[in-house]
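predicted model, plus sequence, below.
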Amino acid sequence: MLTIERSVQLAPYTTYHIGGPADQFIRVASTDELVEAIAYARSSGLPWFLLGTGANILIGDGGFRGVVIHNETAGIHVDGNRITAESGVTIANLINVASKVELSGFEHFAGIPSSVGGAMWQNLHFLAPDRESTFFIESIVDSARVLDSHGKIVQVDRDWFAFGYDDSRLHHEEAIVLDVTFLLTPSSREAILAQAEANLTWRAERQPPVEEFPSCGSVFKKIDGVGAGRLIDGAGLKGYRIGGVHVSEKHANFLVNTDGGCAKDVLDLVHHIQASVKVDSGYDLEMEIRCVGDFS
Ligand SMILES: Cc1cc2nc3c(=O)[nH]c(=O)nc-3n(C[C@H](O)[C@H](O)[C@H](O)COP(=O)(O)OP(=O)(O)OC[C@H]3O[C@@H](n4cnc5c(N)ncnc54)[C@H](O)[C@@H]3O)c2cc1C
């Protein structure tokens, strides 16, 4: 039986700590509840969306006039070299469980806030500290169960997702990931934890920590061979502030909300950066994050 909460502030459910109230808010703790909630949302005639850890999303200050489903599913099952995780499981939990059973794969994503569903939506990736290789979540995906746009549960393989850079089939059709089976490589717990630690150190040296500097990671899409952060830095914008949001001193593609900023501050800063970079270098910066809700 679903519980529908009314007028729930969304800011605490995002890493940006930004977002007004959702008219309806449904927490789901199991895949059965997730399926039920999606069926309800689809039949309600209202706009709706599924929220994972809220690390790649900017929600409007006016909130969301519809149904927000918060994915709190947390089931993990280990079978040989395979781990199956419900779509609300966090990557941090998977690193923890996989290191205990000595299976390697998730540690490359240490320090990135993400649910399994969000990771599949975005094809979660991490450029290795040696800058030689990029690890994509797709490389460890074996299969998944998906709720298709007709409400049917289907078993799919990795190819079904048509993964790209910051892209997957989930961007282009209304399918919901229910759970994913990952195929991992045996390794030692020490080696897995050492790799996770190396990635965390690399991240801490180059990016503002999200606990202290709320953000949603890189705001602008990568431009091959150039780097959006470098263009913003080149335009002299590090530290530039609008309202409670400023361009991080540590990584210029991170716009951090340190002083009670709002979605309008983020978007005003985005537009200022886009105009300044265009004048400075001629490049057009495109937003990477998804904007949802009422921005009026
Ligand atoms: C500090 C910081 C650092 C970051 N660094 C990186 C990085 O190095 N590499 C990287 O790739 N990303 C990075 N990100 C971005 C972010 O972590 C990823 O995009 C992550 O995968 C988002 O997952 P989420 O659960 O928070 O998704 P959300 O933000 O909650 O949702 C994003 C989208 O996914 C959809 N979605 C969520 N669950 C499902 C599901 N079950 N089925 C279908 N669609 C679903 C949502 O509806 C929404 O459209 C960073 C973010 C932060 C805050």
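Thanks, I have it. What you see is a predicted model; the values in this text were computed from it and never measured.

can you tell me which helices and strands the helix or strand of the chain with the lowest mean pLDDT packs against?
For the chain, counting by mean pLDDT, DSSP states H and E, strand 125-127 ranks last in confidence among helices and strands (a mean of 89). Under the contact criterion of 3 or more C-beta pairs under 8 Å, 6 or more residues apart in numbering; DSSP states H and E, strand 125-127 touches strand 134-136. Glycine gets a C-beta too; all of them are placed from N, C-alpha and C.

run through who's touching the strand it packs on.
With C-beta atoms under 8 Å, 6 or more residues apart in numbering as the test, strand 134-136 has contacts from 108-109, 123-128, 163.

residue 296 touches residue 65, doesn't it?
No - judged on C-beta atoms under 8 Å, residue 296 makes no contact with residue 65 at a distance of 10.7 Å.

neighbour count winner among these two?
Neighbours per residue (other C-beta atoms under 10 Å) separate residue 296 from residue 65, with residue 65 holding more: 14 against 7.

where does the more buried one land in three-state SS?
Of the three states, residue 65 takes strand according to DSSP: H, G, I helix; E, B strand; the rest coil.

i'd like the first residue to be 33 from this point on
All set: I'll call the first residue 33, so the last point we hit is now residue 97.

what about it, distance to the ligand?
As judged by C-beta to the nearest ligand atom, to the nearest Å, residue 97 and the ligand stand 17 Å apart.

check contacts around the nearest residue to that residue once chain neighbours are set aside.
Spatial nearest neighbour of residue 97, chain neighbours left out: residue 55 (5.5 Å); criterion: C-beta to C-beta, 6 or more residues apart in numbering. By C-beta under 8 Å, 6+ apart, residue 55 lies in contact with 38-39, 78, 95-99.

can you check residue 43 too?
Contacts for residue 43 (C-beta under 8 Å, 6+ apart) come out as 49-52, 91.

and the gap between it and the ligand?
When distance is defined by C-beta to the nearest ligand atom, residue 43 is 13 Å away from the ligand.

now that residue. Its backbone dihedrals?
When quoted as degrees, to the nearest 10, the phi and psi of residue 43 stand at phi -50, psi -50.

quick one: it and residue 293, what's the gap?
As defined by C-beta to C-beta, to the nearest Å, residue 43 lies at a distance of 11 Å from residue 293.
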